[in-house]
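> no sequence for this one, just the structure:
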Ligand SMILES: [Fe+2]
């Protein structure tokens with residue numbers, strides 16, 4: 001497995017919320033996951049990825065995919081912090097929650113890659129549409145770089161795939177933070193439908 005240092009640097013500059021993870025080993029693995037996945041795509045930065053939940057869903061007006069990852073991370077931490085304050089017995093590991101949020105869409109560089117999208121759309125009966133969604137590929141990425149199992153669970157089960165399983169506490173928070181990012185913006189007309 002090769003991970004390019006320039007892509008690591010790109011990820012660090014896109015995601016200042018990495019500083020919310022106090023464990024340096026975990027923080028570096030999150031950087032590795034994004035850098036590895038960017039390296040399997042034509043993207044060189046999270047900022048270049050279409051700012052939407054799926055390749056064919058509405059985009060964020062005047063925003064980037066980086067804004068989504070950062071926003072979901074801040075929302076997930078705020079949700080976790082608020083609930084923990086009210087219910088101290090909640091077993092929230094803040095480092096792990098931040099890593100889960102930062103990595104939930106780590107498979108997007110693969111699924112959103114314009115070259116793959118063009119190939120898949122030209123022969124959907126042969127390739128599947130899409131053959132591999134970002135949660136599936138994100139799980140592969142997290143396992144490959146050696147992230148903890150729950151971060152792999154966040155990548156794999158934050159979205160519709162998670163309806164087939166019971167989500168962990170941290171992944172339940174990330175799942176709701178993800179929708180809490182898109183839905184109010186949609187309601188306010190801040191998403192572009194084309
Ligand atoms: Fe997301």
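Noted; the coordinates are in hand. Keep in mind that what you see is a predicted model, and the values were worked out from it rather than measured.

> how about the residues of the chain by the ion?
Selection of the chain residues close to the ion by C-beta under 5 Å from the ion yields 105, 178. C-beta: built from backbone N, CA, C; applies to glycine.

> any low-confidence regions in the chain?
For the chain, applying pLDDT under 70 flags the ranges 194.

> which strands and helices lie in contact with the longest helix seen in it?
In the chain, taking DSSP state H as the definition, the longest helix is helix 65-86. Judged by 3 or more C-beta pairs under 8 Å, 6 or more residues apart in numbering; DSSP states H and E, the packing partners of helix 65-86 are helix 94-103, helix 169-187.

> looking at those, which is buried most?
By mean neighbour count, with neighbours taken as mean count of other C-beta atoms under 10 Å, helix 94-103 ranks first of the helices and strands packed on helix 65-86 at a mean of 25.

> and the angle from that one to helix 65-86?
Calculated by axes from the mean of the first three to the mean of the last three C-alpha atoms, to 10 degrees, helix 94-103 forms an angle of 150 degrees with helix 65-86.

> run through who's touching helix 94-103.
The contact list for helix 94-103 (C-beta atoms under 8 Å, 6 or more residues apart in numbering) reads 15, 17-18, 20-23, 26-27, 29-30, 33-34, 69, 72-73, 75-77, 80-81, 138, 142, 147-148, 150-151, 153-155, 170-171, 173-174, 177.

> swap the cut-off to 6 Å and go again
The set of residues external to helix 94-103 that reach it, using C-beta atoms under 6 Å, 6 or more residues apart in numbering, is 20-23, 26, 30, 33, 72-73, 76, 80, 151, 154-155, 170, 174.

> again, but for stretch 147-160
Residues outside stretch 147-160 that contact it (C-beta under 6 Å, 6+ apart): 29, 99-100, 103-104, 106, 135, 138-139, 142-143, 165, 167-168, 171, 174-175, 178.
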